[in-house]
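sequence plus the predicted model coming up.
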Amino acid sequence: MPKPSFPAAGEALPAAEVMPILGRFSRRALIGAFASVPVIGAATVAAGAVSVLPVESIDDRVRRIAATLTEAMDEWNPDWRAQIYESPIMAAFREWDALYVRTYRDPTLDDDNKISRLCEAMKAVEDRVREIPAKTTTELLAKVMMISIYGSFAPCDDEDAFYAEARAVLS
């Protein structure tokens, strides 16, 4: 029975051919180069060269930029302040989202009464937002996310009014 054999370099690695960019290389040289990558990475982390920065949220970034702008304008006009406008719907969405995180993403929350109170608070925010007409697509999306609990349920009870509002915003 014939013994199957394959060339050492194979098709992907031609046997030490001259490459226009790399020059001559062999499988042993490539494997050696890749084997040293984790060692270099570990040395870099140990030396503290790689730092993991916390991700800055959009809200934090806007507030940081507003504070920087206010500070820069102090030289010219000390009374000038950068103001961040947040619509009532977006303010309610941030309130609702904080309640959502506490209700559904807190692994230590195991008290049914507390969960029920948090759900009631979320529902109260949702009901308050239903009364405010959306003026932008962002506000409409925030309303959809609240009413459907991030797409987990049907958007709302009164679909005709919701679709009329969506058509008014999107037209």
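All right, it came through fine.

what strand or helix carries the closest residue to E126 other than its chain neighbours?
Nearest residue to E126, sequence neighbours excluded (C-beta to C-beta, 6 or more residues apart in numbering): M146, at 5.1 Å. (Each C-beta comes from the backbone N, C-alpha and C, glycine too.) Element membership of M146 [criterion: DSSP states H and E] is helix 137-147.

next, the buried residues of that helix.
Neighbour-count burial for helix 137-147 flags 139-140, 142-147 (criterion: 16 or more other C-beta atoms under 10 Å).

turn those residues into TSV, columns for pLDDT and distance to Q83.
Output for the buried residues of helix 137-147, formatted as TSV (pLDDT from 0 to 100; distance: C-beta to C-beta, whole Å):
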residue	pLDDT	distance to Q83
E139	89	19
L140	90	24
A142	89	21
K143	89	24
V144	87	28
M145	87	26
M146	87	25
I147	83	29
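
how about those residues in CSV, adding distance to M122?
Below are these laid out as CSV (distance: C-beta to C-beta, whole Å):
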residue, distance to M122
E139, 18
L140, 19
A142, 14
K143, 13
V144, 15
M145, 12
M146, 8
I147, 11
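
can you pull out the strands in the chain?
In the chain, the strands defined using DSSP state E lie at 18-19, 23-24.

tell me which of the buried residues of helix 137-147 is nearest to D111?
Distance to D111 across those (C-beta to C-beta) is lowest for M146, with 23.7 Å.

and that closest one, what does it touch?
M146 sits next to 92-93, 96, 122, 125-126, 129 when contact means C-beta atoms under 8 Å, 6 or more residues apart in numbering.

kindly recompute the last result at 7 Å.
Neighbour list for M146: 93, 96, 125-126, 129 [criterion: C-beta atoms under 7 Å, 6 or more residues apart in numbering].
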